[in-house]
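S.K.: no FASTA, just this:
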């Protein structure tokens, strides 16, 4: 039976904030971690998949432990991406209560540093940061982290793979007496080394219930394609799920840009994010995605960290990830908060051998997705072509006399006749295969 936040030791002020957010029952990782942070003094390593409620697991007890009577920074929370950092910051602000009088500041790269330097001059208790920007502020002597009590490393596996130098530089400036709370989805050798080098010997290791949380509600499928048909198969899938929302993952920034361009050309409601885009562009695209103005997001693994959008129907691996934990993070974007979702991997023949390895390592089962046949693909391409025409904005610069001549050619046609002729022209130009229907036999008069 699930415990209450009260039984975990969370105070009344935070309980009221949780009630306002309709959060009533703690998750498995919250039940295990919150009492340890509140009642113990040891370092903590928490292993939990994405979507398990890790932010509240460390955020709630830390908000409660802050001494608001002191003006210095007491907690530093490090996140591997701006998106995840912003999400953590927003969640902490939502949990926070006026009664606690805790000041929280988010400092991330990609935006001007001077306003952040000015903001740090005010009383600040909790700082949420990305490694690069925090290291920069430390170098400028713009932030004092030498008196912190708590240091949180969220998504430590991704942090170490992408920002090891920055993390090492930051840790050198932290006090030895701090308490470190490390959260990670996996425990590769690099994270184990970090724990061995920088955490206490009596570290407490906690693991969330992976069997019921990690992949609950996710339908894992794969479809085998030839390289030349990959885009067409994807577009058929997207058109078949028109109106539903999802994320498509690519390995590289170049692949994200190329796919996003193709989707835009075919008038899909989509946007793209990766690390080379400015913070302003990423924020705008993410805002459009969260608010439902676009349905499809094309992203790299790192850029998608921290995306917590409800009601995502699917995740597509346009390229199968190189690591098992990357697959966990990708697929975990769907089927959140008890919902169900599809994780579809679009793979080539030589990647089929990798599927059993993913199944064995992650304890999941893949099913084969039924690939659309050639006729369905061709029909879908025709529908996309028609949609492009429908969504094309009229060109007001076309001379009126020329438009009049064109209208004269078509003026005697009905709408049905015009559609028939345009479609016949499309089929002829694209060599589309259309099955001939048997002629309807007329009944003989008796």
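M.R.: Structure received. Note that the coordinates shown come from a computational prediction; the quantities given were computed from them, not determined experimentally.
S.K.: just the helices from the stretch 251-400 of the chain, written as ranges.
M.R.: Ranges of helices in the stretch 251-400 of the chain, per DSSP state H, counting those that start in this stretch, are 253-265, 279-290, 301-304, 324-331, 355-362, 374-391, 400-410.
S.K.: which of these sits closest to residue 312?
M.R.: Distances from residue 312 to each of these were compared using CB to CB; the shortest belongs to helix 279-290, at 9.5 Å. Heads up, the C-betas are built off the backbone N, CA and C, glycines and all.
S.K.: report the distance from stretch 89-107 to the chain centre.
M.R.: In terms of CA atoms, centre = their mean, to the nearest Å, the centre of stretch 89-107 is found 23 Å from the chain centre.
S.K.: end-to-end on it?
M.R.: Counting by CA to CA, to the nearest Å, the length from the leading to the trailing residue of stretch 89-107 is 9 Å.
S.K.: turn the helices of the stretch 251-400 of the chain into JSON lines, columns for mean pLDDT and distance to residue 86.
M.R.: Below are the helices of the stretch 251-400 of the chain laid out as JSON lines (pLDDT from 0 to 100; distance: least, CB to CB, whole Å):
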{"stretch": "helix 253-265", "mean pLDDT": "94", "distance to residue 86": "20"}
{"stretch": "helix 279-290", "mean pLDDT": "86", "distance to residue 86": "8"}
{"stretch": "helix 301-304", "mean pLDDT": "72", "distance to residue 86": "13"}
{"stretch": "helix 324-331", "mean pLDDT": "82", "distance to residue 86": "17"}
{"stretch": "helix 355-362", "mean pLDDT": "89", "distance to residue 86": "28"}
{"stretch": "helix 374-391", "mean pLDDT": "86", "distance to residue 86": "32"}
{"stretch": "helix 400-410", "mean pLDDT": "90", "distance to residue 86": "49"}
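S.K.: all strands of the stretch 1-150 of the chain, in order?
M.R.: Secondary structure of the stretch 1-150 of the chain by DSSP state E, counting those that start in this stretch: the strands cover 44-47, 75-78, 104-107, 126-129, 150-153.
S.K.: deepest in the core, which of those strands is it.
M.R.: Comparing the strands of the stretch 1-150 of the chain on average neighbours per residue, with mean count of other CB atoms under 10 Å, the densest one is strand 126-129 at a mean of 27.
S.K.: show me what it pairs with in its sheet, parallel or antiparallel.
M.R.: For strand 126-129, the paired strands and their directions (DSSP bridges) read strand 75-78 (parallel), strand 104-107 (parallel).
S.K.: and the first one, average pLDDT?
M.R.: This means strand 75-78. If you average the pLDDT over strand 75-78, you get 97.
S.K.: so how far is that strand from its chain's centroid?
M.R.: That offset, for strand 75-78, works out to 21 Å (CA atoms, centre = their mean).
S.K.: now what about it, what contacts it?
M.R.: The set of residues external to strand 75-78 that reach it, using CB atoms under 8 Å, 6 or more residues apart in numbering, is 58, 62, 66, 88, 125-131, 134, 145, 148-154, 159, 167, 170, 174.
S.K.: where does pLDDT dip in this protein?
M.R.: Across the chain, the stretches falling below the confidence threshold (pLDDT under 70) are 1-2, 50-51, 209-216, 303-308, 336-338, 431-446.
S.K.: how is it partitioned into domains?
M.R.: 5-212, 216-374 (automatic domain parsing).
S.K.: out of those domains, which comes closest to residue 401?
M.R.: Nearest of the domains of the chain (CB to CB): domain 216-374, 30.2 Å.
S.K.: and the residue nearest to residue 62 when sequence neighbours are not counted, how far from residue 149?
M.R.: With CB to CB, 6 or more residues apart in numbering as the measure, residue 75 is the residue that lies nearest to residue 62, at 5.4 Å, once sequence neighbours are left out. With distances taken as CB to CB, to the nearest Å, residue 75 is found 7 Å from residue 149.
S.K.: now swap in residue 107 and tell me
M.R.: Where residue 149 is concerned, residue 107 sits at a distance of 18 Å (CB to CB).
S.K.: quick one on the thing from earlier: could I get the strands of the stretch 1-150 of the chain as CSV with distance to residue 365?
M.R.: As requested, those are exported to CSV (distance: least, CB to CB, whole Å):
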stretch, distance to residue 365
strand 44-47, 22
strand 75-78, 35
strand 104-107, 40
strand 126-129, 37
strand 150-153, 32
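S.K.: so which of the ones you listed comes closest to residue 272?
M.R.: Across these, residue 272 has its closest neighbour in strand 104-107 (23.9 Å, CB to CB).
S.K.: identify the residues contacting stretch 251-268?
M.R.: Judged by CB under 8 Å, 6+ apart, the contacts made with stretch 251-268 from elsewhere in the structure are 231, 235, 238, 248, 250, 270-276, 295-296, 298-301, 318-319, 321-322, 384, 387-388, 391.
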